[in-house]
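>>> Attaching a predicted model along with its sequence, questions to come.
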Amino acid sequence: MIVMYKSGGALMRALSAHPASPRYPQLAATLSQRTGIALTDGHPISERSQVVFAKGLSSAGLAARLAADPDVEFAEPDQRRHIRSIPNDPLYPGNQISATPTVGQWYLRPPNSVNVSAINAETAWTTTTGTSSVVVAVLDTGVRFDHPDLVGKLYTGYDFISDTVTANDGNGRDADASDPGDWVTQAEVDSDPTFKDCDVGDSSWHGTQVAGLVGAATNNGIGMASVGRNVMILPVRVLGKCGGFDSDIIAGMLWAGGLSSNPVANSHPAKVLNLSLGSAGSCTASYTNAISQLTAAGVTVVISAGNAEGLAVDTPANCSGVIAVAGVRHIGTKVGFSSLGPEVALSAPAGNCINLSGACLNPLLTTTNTGTTVPATNTYSDSFRLSLGTSFSAPLVAGTAGLMLSVKPALTPAQVKSTLQSTARAFPTSGAGATIPVCQAPSSTTQDECYCTTSTCGAGLLDTAAAVAAVAPPLAPTAPLSASTANPSVGVPVSLEASDATVAAGRSGTYLWTLATSGGATASFTSAVNGSTATLLPTAPGTVTVTLTVTDDLGVQTAASTMLTISNPPTAVIVPSSATVVAGDSVSLDGSTSSAVGGRSIAQYAWTISSGASFGSFLGATNASTAALQGTAAGTVVVTLTVTDSAGVQSTANSTITVTAAPVSSGGGGGGGGALGLPWLIALAAAVVAVRVNRRRLRD
C-alpha cells in the first residue's frame with residue numbers, strides 16, 4: 001500500500017523535528033497504533049510517502065482505513081505495471097525468414113508517400129544533433145551497459161526494484177541499473193504467487209531497446225542511428241520479472257528528475273523522462289502527485305499510451321501533465337495494437353509488419369540482446385527480433401524533446417508538449433483502403449487499424465524537424481559586404497555592395513549602413529543608407545570603418561564591417577623645358593616629380609593632348625615619366641599628364657605650350673643672282689662686327 005502523508009500534519013512535523021532520524025518516513029508503527037491494523041514498513045518513496053504492508057485486509061479496505069487518518073493525504077494500492085512491447089495486432093507475423101528489413105530505419109527519414117509517418121529526424125539534425133547536457137531518463141528494465149552502440153551514452157543510473165524476486169539480480173535496490181533479464185517461466189507462474197497472472201516469456205531487453213531509440217551512439221560507423229544522437233541517457237531500473245510496482249516507479253521518477261536523494265543523490269538529473277510502461281486503470285493520486293512535482297521542476301514526462309488494441313489509454317499515460325504517445329503504422333493510420341483516447345498528445349511510428357507471414361516489413365530497429373534468459377550477445381532488433389509497440393513510439397518523442405531542449409534549454413514541459421502538438425503533421429484520411437474505418441472514442445470494443453482523428457490519436461504525426469525548428473533560435477541574417485576598394489583616396493567615391501545578404505526563409509529584412517572614423521578621416525554617404533548598396537565619399541585621409549546591419553522582421557540582426565584606409569590622391573606634376581616652341585621644333589615634358597602618398601607609388605603615366613591637337617603632336621612614347629611635344633602649327637596646345645598610383649587612384653596635371661610660326665624667308669633676283677633679304681644682311685653685319693672685335697681683343 002502506498003501512503004502519502006500531509007505536509008503540515010503532526011507526523012511530518014514530528015519527523016522534521018528530529019533531524020537525526022531518517023528524513024524519509026518509516027511510520028508503520030505509528031499508523032498501527034492509530035488504526036489498530038498490524039502494519040510493517042516498506043521502502044520510502046519520497047519525503048512524504050512510503051509503502052506499508054498489512055495482512056488480512058483487501059487492498060481497497062486497507063486503503064480506506066489508512067486514508068481516514070487525519071495525517072494521511074491518501075492511501076492507494078501499490079499496483080503492478082508492465083512493459084508495453086508485445087502487440088496483439090492481427091497483422092503480427094506468424095514467422096520470420098529474413099533478419100534485416102530492406103527499409104532500414106525508415107522512421108527517422110523525411111516522410112514520403114510510402115512512409116507517411118516517418119518523423120523527419122534527418123532534417124532536424126541539420127539544426128542540432130543534441131547535446132550531452134540534456135539527459136533523458138529511461139525508466140524501464142535497465143540496460144545492457146556493454147552494448148557497443150550504448151557505450152559512452154549511459155550514466156550509471158540506479159535500480160529501484162525493491163522486491164528481490166522481481167529484481168532477478170539477487171538483491172533489491174542498488175546502484176546497478178543493468179538488465180539481468182526478465183524472463184518468466186510457466187513453472188514460476190504455477191508455483192510462485194509473485195508471478196500469478198504474469199505472462200510467460202523470454203527476456204525482453206526492453207529498456208535497452210528504448211534507450212537505443214532515444215540516444216544510441218550515432219554516426220559512429222556501427223549499428224544504428226538514434227533520434228537524440230548526442231543526448232545522454234540515465235537508466236532507471238523500475239521493471240523486472242512481470243513488470244514493476246507503482247511505488248518503485250514513482251520513486252524512480254522523482255529520483256530521475258532530481259527531486260529525491262533517496263537512496264543517493266542523482267548527479268545527472270534528467271530533463272526528460274521516458275516511461276514505456278503501464279496498465280489499465282485510472283490515474284492514481286500517487287502518479288498525479290509525482291507528475292505535478294516533476295513538471296513544476298521543469299521535467300518533461302513522456303509515456304506510451306499502451307497496447308490495448310484501441311481500448312482506453314493506460315495508467316500513467318492518462319495522467320494530466322504528461323505527453324501520452326499513441327502508435328501509428330508507416331502509412332499513418334493507427335496501428336492495430338495501440339490504445340487511443342483524448343489523453344493522447346500525438347502519435348509516432350510503433351512499427352508494423354503489413355504481411356501476415358514472412359519477414360516483418362516495417363519494424364523499428366534498435367539495440368537489444370539475443371539472450372532468452374540471461375544476457376548473451378548484444379545485437380539489434382530486426383525482422384526476426386521485433387521491436388513493435390507504443391513502447392517504441394514514446395522514445396521517438398522523448399528523443400525529439402531532447403533535441404528541442406538542446407537548442408532551447410529553458411523550455412517548460414508545457415511548452416515542449418504544445419510545440420510537439422502544434423508542429424505535428426495532419427493524419428492521413430486515405431491510403432489504407434476504403435474498408436479501414438475512422439477511429440472512434442475508446443469503449444469496451446477493441447479497434448484495430450483505423451484512420452486517426454485528433455480526438456483519438458492526438459494532435460497529429462510527430463514531426464521532429466518541425467518541432468526543433470519551432471524552438472530553435474531564429475537563423476540570423478547574413479551580411480556579406482564588399483567595397484570597390486579598401487584603399488580609397490580623398491574625393492574618389494567608393495561603391496559598397498551587399499546584394500547577397502540573406503534572411504531566413506519566410507522572413508523579410510532591412511539594411512542600415514553606418515560608419516565610424518579615426519585618424520582624422522572624414523567621409524559621408526552620398527546615397528541612401530537603407531538599401532543593399534551605398535556610395536561613400538572620402539573627404540579627408542585616415543581610417544573609416546563601414547558597418548552594414550541586416551535586421552529581419554523578427555528583430556534578429558547580423559552586422560558585418562569593413563575597414564577602409566583613406567589617402568590623398570597622387571600628385572601629377574609637369575615640368576616643360578619651355579612654355580614656347582617654334583613650329584617644327586619640340587619641347588621636353590618631365591613628369592618624374594609626380595608623387596604618391598600613403599606608402600603608394602606611381603604605377604602608370606599617360607600623356608595626352610586635351611586641347612589644340614592640330615597645333616602639336618607627341619614624338620615617341622606617351623606612357624613614360626617624360627614625353628616630347630613637337631609644334632606643328634602656330635597655336636596653343638594643352639598637354640595633360642594622368643598618373644595612376646599603386647592603389648589605382650589617378651590624378652592629372654595640365655601644361656599649356658604655345659607654338660609659334662616658323663620664320664618665313666624672302667628674296668628677289670634674276671640675272672644670275674638675287675639680293676639678300678634684310679634679315680640676312682643684318683646677320684652678316686653682326687658677324688663682321690664680331691670678327692673685328694675678336695681680332696682687336698687678340699691684338700690687345
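Right, received. Where do you want to start?
>>> Could you chop the protein up by domain?
As recorded under automatic domain parsing, the domains making up the chain are 2-78, 79-473, 482-566, 575-660.
>>> Just send these back as a markdown table, with mean pLDDT and mean neighbour count too.
From N, CA and C alone the C-beta is placed, and that goes for glycine too. Shown next, in a markdown table, are the domains of the chain (pLDDT from 0 to 100; neighbours: other CB atoms under 10 Å):
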| stretch | mean pLDDT | mean neighbour count |
| --- | --- | --- |
| domain 2-78 | 86 | 17 |
| domain 79-473 | 91 | 22 |
| domain 482-566 | 92 | 16 |
| domain 575-660 | 95 | 17 |
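>>> helices and strands around the helix or strand harbouring residue 644, which ones?
Per DSSP states H and E: residue 644 is located in strand 635-645. Under the contact criterion of 3 or more CB pairs under 8 Å, 6 or more residues apart in numbering; DSSP states H and E, strand 635-645 touches strand 602-611, strand 626-631, strand 650-660.
>>> 7 Å instead, please
Judged by 3 or more CB pairs under 7 Å, 6 or more residues apart in numbering; DSSP states H and E, the packing partners of strand 635-645 are strand 602-611, strand 650-660.
>>> Show me the contact partners of that strand.
570, 572, 574, 589, 591, 594, 596, 600-612, 614-616, 629, 650-659 (CB atoms under 7 Å, 6 or more residues apart in numbering).
>>> Next: stretch 59-72.
1, 3, 5-6, 9-11, 31, 34-35, 37, 54, 74-77.
>>> now it, how far from the chain's geometric center?
51 Å (CA atoms, centre = their mean, to the nearest Å).
>>> same thing with stretch 339-348?
That offset, for stretch 339-348, works out to 28 Å (CA atoms, centre = their mean).
>>> residue boundaries of the helices in the protein?
Per DSSP state H, the chain carries helices over the ranges 10-16, 28-35, 59-67, 121-124, 164-167, 186-191, 206-215, 246-256, 285-296, 394-407, 413-422, 464-471, 678-699.
>>> possible to save the ones you listed as CSV with distance to residue 436?
Formatted as CSV, the helices of the chain follow (distance: least, CB to CB, whole Å):
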stretch, distance to residue 436
helix 10-16, 55
helix 28-35, 54
helix 59-67, 41
helix 121-124, 27
helix 164-167, 40
helix 186-191, 37
helix 206-215, 27
helix 246-256, 36
helix 285-296, 34
helix 394-407, 23
helix 413-422, 24
helix 464-471, 26
helix 678-699, 125
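>>> Quick one: closest of these to residue 433.
Among the helices of the chain, helix 394-407 comes nearest to residue 433, with 25.7 Å by CB to CB.
>>> Remind me what that closest one packs against, helices and strands.
strand 135-140, helix 206-215, strand 272-275, strand 300-304, strand 323-328, strand 344-349, helix 413-422, helix 464-471.
>>> Residue 217 reaches residue 152, doesn't it?
Yes: here residue 217 reaches residue 152: they are 6.4 Å apart, a contact under CB atoms under 7 Å.
>>> Any figure for the gap between the nearest residue to residue 31 once chain neighbours are set aside and residue 3?
Counting by CB to CB, 6 or more residues apart in numbering, the nearest residue to residue 31 once its immediate chain neighbours are dropped is residue 39, at 5.4 Å. Here residue 39 is placed at a distance of 9 Å from residue 3 (CB to CB, to the nearest Å).
>>> Overlap of the contact sets of the two?
What both residue 39 and residue 3 touch, as defined by CB under 7 Å, 6+ apart, is the set residue 52.
>>> mind listing what the most centrally placed residue in the chain touches?
Compute the mean C-alpha point of the chain, and by CA atoms, centre = their mean the closest residue is residue 127, 2.7 Å away. For residue 127, the contacting residues are 407, 468, 469, 472, by CB under 7 Å, 6+ apart.
>>> now residue 161, nearest residue through space, not along the chain?
With sequence-adjacent residues excluded and distances taken as CB to CB, 6+ apart, residue 161 is closest to residue 167, at 4.1 Å.
>>> Can you give me the distance of that neighbour to residue 187?
19 Å.
>>> repeat for residue 562
81 Å.
>>> And residue 246, by the same measure?
27 Å.
>>> ditto for residue 240
17 Å.
>>> Of the helices of the chain, give the one that comes closest to residue 456.
Of all the helices of the chain, helix 413-422 comes closest under CB to CB, at 14.4 Å.
>>> Hey, what's the angle from the closest one to helix 285-296? Just curious.
90 degrees (axes from the mean of the first three to the mean of the last three CA atoms, to 10 degrees).
>>> mind listing what residue 617 touches?
Per CB under 7 Å, 6+ apart, neighbours of residue 617: 630, 632.
>>> What is the burial count for the closest residue in space to residue 595 that isn't next to it in sequence?
Nearest in space to residue 595, with sequence neighbours left out and distances taken as CB to CB, 6+ apart, is residue 571 at 5.1 Å. Neighbourhood size, residue 571 [other CB atoms under 10 Å]: 15.
>>> So residue 571 sits against residue 597, correct?
No: judged on CB under 7 Å, residue 571 makes no contact with residue 597 at a distance of 8.1 Å.
>>> Could you pull up the residues touching residue 9?
70, 71.
>>> Beta-bridge partners for residue 274, please?
Taking DSSP bridges as the rule, residue 274 bridges to residue 138, residue 302.
>>> how far away is it from residue 256?
Distance from residue 274 to residue 256, by CB to CB: 10 Å.
>>> In contact with residue 289, which residues?
Counting by CB under 7 Å, 6+ apart, residue 289 has contacts residue 4.
>>> cutoff 10 Å now
2, 4, 45, 46, 48, 49, 73, 74, 250, 254 (CB atoms under 10 Å, 6 or more residues apart in numbering).
>>> these two touch, right, the third one and residue 78?
Yes: the pair residue 45 and residue 78 passes the contact test of CB atoms under 10 Å, sitting 9.4 Å apart.
>>> Please enumerate the shared neighbours of these two.
Common neighbours of residue 45 and residue 78 (CB under 10 Å, 6+ apart) are 2, 3, 51, 246, 247, 248, 249, 250, 286.
>>> Need these in a markdown table (columns: distance to residue 305).
A markdown table is the format used below for the shared contacts of residue 45 and residue 78 (distance: CB to CB, whole Å):
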| residue | distance to residue 305 |
| --- | --- |
| 2 | 24 |
| 3 | 29 |
| 51 | 27 |
| 246 | 18 |
| 247 | 23 |
| 248 | 22 |
| 249 | 17 |
| 250 | 19 |
| 286 | 20 |
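>>> Check these and tell me the two furthest apart.
Every pair in these was compared (CB to CB); the two farthest apart turn out to be 3 and 249, at 16.2 Å.
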